[in-house]
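Visitor: Generate a structure from the sequence data that follows.
(one chain, ligands or ions: 2)
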Amino acid sequence: MTLAFDNSYARDLPGAYLRLAPDPAPAPKLLVLNRPLAASLGLDLQPAEAESWFSGAALPPGADPIAQAYAGHQFGGFSPQLGDGRAHLLGEVIAPDGKRFDIQLKGSGRTPFSRGGDGKAAIGPMLREYLISEAMAALGVPTTRSLAVVATGETVWRESALPGAVLARVAASHLRVGTFQFFAARGDKAQLKALADYTIARHDTGLSGADQPYLAFLDAVIDRQAKLIAQWMGIGFIHGVMNTDNMAVSGETIDYGPCAFMEGYAPGTVFSSIDHQGRYAYANQPVILGWNIARLAETLVPLIDPDPDRAVDLANDRLQSIAGRYRTEWLAVMRAKLGLIGEDPGDAALADDLMTAMTGADWTLTFRRLADPAALRPLFDDFTVMAAWLPRWQARAGDGAARRIAAANPAVIPRNHQVEAALTAATAGDMAPFHALLAAVQEPFVEREGFMLPAPSGFGDYVTFCGT
Ligand code: AMP
Ligand code: MG
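Guide: Ligands and ions are numbered 1, 2, ... in the order given. Now for the predicted structure:
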C-alpha cells in the first residue's frame, strides 16, 4: 500500500530540522509489527513493506525524512544543540479519526546532530522501548507508541558486538520542551513564535483564538504533564532521564531509555546508572515536572506579553500553581487505585499514610491485593503499620471495593528480571520470551501466572543505561 504522508513540520518550520535520509539497512528482518496500531492509523501494511520502510532499507512514498533540531537541559546542564542524533522523522500520517501522528525511525543512522554517537541502536534497547511503551499504553498512560522493530543485519558496537535494529515510533508529535529551548537560546523570536503557533494549531487548536494563546498553551502543557506524572507515580514508573528534551508538550511519555518500574516501594528508587544524585528518582519526578515546565515558561515569556515584567508575572503565576495541580491529579489517581467513590476530606491523609505504611512492599501487588489481607500480608516484612491502616481504608472504601481495586490496579507490569531475560533471548535470536511477555503486559489487568511476581532476591539491584 502507499502511506499517505503529510510533512507539516518540514513545510511549516524551516530552520527547525535538517533534511536527510536514514541509512539503508543491509539485511532487514522484521522482529515485531504492531498490527492493531497500524490498523488504528489506517495503515494496511504488508510485512515486507514494514520490513523495508521501517528499517531505512527503502523510503515509503511521500516520506520527507528529516532530523529535528532541539536543545535541552540534561541533568540540569544546558546543551543548546542536541537534536535527533539517531532518528529520522519520515513524516506524519492522518489516522481515520483525523488525528495526526509522526512516524519516526530511531537507530536509523548518523545525522549532523550525532556528536560522537554512531547513530545506531541495538536490538535490546529498541525492543525494550517497544515493550515498555506498549505496556504503558495498555495501562492507560499517554505515550508514544511502537509500530515495529526491524533488525538491520548490521553489527552495532557497544561493550560488545550486538545486532542492530531500528524502532518505528508513532507520536502525537515530537515537539519537546527542548524544541522551544532551541529557538529561545538563539534569541530567534520569529522562529519561536512560528513554533508556538504550529504547536498550538497541532495540539491545542481551540487556543489559537484565545486572549492569551501562549499563556493558555503553557497552562495546557501543565495540565497534561501534571496528569501524566501523576499516572506514572500511580503505576510506579520511573522515567529515569526526565531531561527537557525528553518531555513532550503533547503530554505523552517519550524516550524510553533507562526507565523501569519500581518493585519494592522506596521513594528514592533510581535505576539509571548515571543518575548518581537521584535527580530523576521516583519521588523526585513531580519536582522535576515543575523544573522542566519552568524552562518551557522561560522560552514563552517573550511571546506572552510585550511588557517583560508582566509576562514574567503571568508565567510565574502559572508556575506557582503546578504543585497544587499535580497534587490534585495524584489524589485522583490514588482515589481510583484505592477504589474510593466520591471525595472525602480524609482521602489525602489516607493516601499519604499508605505511603508510610507500605514502605518496602511491592508497589504493584500491594494495591492489587488490598482487598485480600491474607495475600497482602506476605508482601510485608513487618505488617504492623499496614494492619493499622487497613481498617481505615475498609471503612472508607465500602462495598464492592475488591472489584474496583481489580479494575484500577494492574496485576502485570513489565517486571525488570523478565524484561532483561526477554531481551537477552531476543539478542541471541529467540523472540519467544519477548512475545510471551509482550502478550502479558498488553493485558495488564488479567492475572497471568508467571508474570506477576517481583524479581527473585538473587536478581540484585537493577541498573539501566542511557543512549544504548
Ligand atoms: P537521550 O538522553 O537518550 O534522550 O539522548 C540524548 C541525545 O543523544 C539525543 O539527541 C539523541 O539523539 C542522542 N543519541 C543517543 N544515542 C545516540 C547514538 N547512538 N548516536 C547518536 N546520537 C545518539
Ligand atoms: Mg531523548
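Visitor: Residue 197 against residue 208, yeah?
Guide: Yes. With contact defined as C-beta atoms under 8 Å, residue 197 reaches residue 208; the gap is 7.4 Å. Where C-beta positions appear, they are placed from N, C-alpha and C, glycine not excepted.
Visitor: Between these two, point out the one with more neighbours.
Guide: residue 197 (17 against 12; other C-beta atoms under 10 Å).
Visitor: which SS state does the more buried one fall under?
Guide: helix (DSSP: H, G, I helix; E, B strand; the rest coil).
Visitor: what sits against it?
Guide: Counting by C-beta atoms under 8 Å, 6 or more residues apart in numbering, residue 197 makes contact with residue 208.
Visitor: Could you rerun that using 10 Å?
Guide: 12, 13, 208, 213, 214, 217, 303 (C-beta atoms under 10 Å, 6 or more residues apart in numbering).
Visitor: ok, so what distance separates residue 347 from residue 389?
Guide: Using C-beta to C-beta, to the nearest Å, we find residue 347 at a distance of 13 Å from residue 389.
Visitor: Correction: the previous question concerned residue 367.
Guide: Residue 367 is 13 Å from residue 389, by C-beta to C-beta.
Visitor: who touches both of the two?
Guide: With C-beta under 10 Å, 6+ apart as the test, residue 367 and residue 389 both reach 354, 358.
Visitor: got any residues that touch both of residue 197 and residue 208?
Guide: Shared contacts of residue 197 and residue 208, counting by C-beta under 10 Å, 6+ apart, come down to residue 217.
Visitor: is it true that residue 147 touches residue 32?
Guide: Yes. Using C-beta atoms under 10 Å as the test, residue 147 is close enough to residue 32 to be in contact (9.4 Å).
Visitor: List the buried residues of the biggest strand by length in the chain.
Guide: As assigned by DSSP state E, the longest strand anywhere in the chain is strand 145-157. Under the neighbour-count criterion of 16 or more other C-beta atoms under 10 Å, strand 145-157 has 145, 146, 147, 148, 149, 150, 151, 152, 154, 156 buried.
Visitor: tell me how far the ends of stretch 231-240 are from each other?
Guide: 15 Å (C-alpha to C-alpha, to the nearest Å).
Visitor: Tell me if it is near ligand 2.
Guide: No. Using C-beta under 5 Å from the ion, stretch 231-240 stays clear of ligand 2, coming no nearer than 10.8 Å.
Visitor: touching ligand 1 at all, that stretch?
Guide: No. Stretch 231-240 lies out of reach of ligand 1 by C-beta under 6 Å from any ligand atom, never closer than 9.4 Å.
Visitor: so how far is that stretch from its chain's centroid?
Guide: Relative to its parent chain, stretch 231-240 has a centroid offset of 9 Å by C-alpha atoms, centre = their mean, to the nearest Å.
Visitor: same thing with stretch 228-246?
Guide: For stretch 228-246, the distance to the chain centre is 7 Å (C-alpha atoms, centre = their mean).
Visitor: Stretch 146-161 now?
Guide: Per C-alpha atoms, centre = their mean, the centroid offset for stretch 146-161 relative to its chain is 21 Å.
Visitor: buried stuff in stretch 416-435?
Guide: Going by 16+ other C-beta under 10 Å, stretch 416-435 has these buried residues: 416, 417, 418, 419, 420, 422, 423, 426, 427, 431, 433, 434.
Visitor: Filter those down to just the ones in helices.
Guide: Using DSSP state H, 416, 417, 418, 419, 420, 422, 423, 426, 427, 433, 434 are the members of the buried residues of stretch 416-435 that sit in helices.
Visitor: Show me the chain divided up by domain.
Guide: 8-177, 331-361+371-408 (automatic domain parsing).
Visitor: what does this structure put close to ligand 2?
Guide: So far as C-beta under 5 Å from the ion goes, the chain lies against ligand 2 at 246, 255.
Visitor: Show me which residues of the chain are close to ligand 1?
Guide: 82-87, 113-114, 117-120, 241, 245-246, 255, 257, 466-467.
Visitor: run the last query once more with 5 Å
Guide: 82, 85, 86, 114, 117, 119, 255, 257, 467 (C-beta under 5 Å from any ligand atom).
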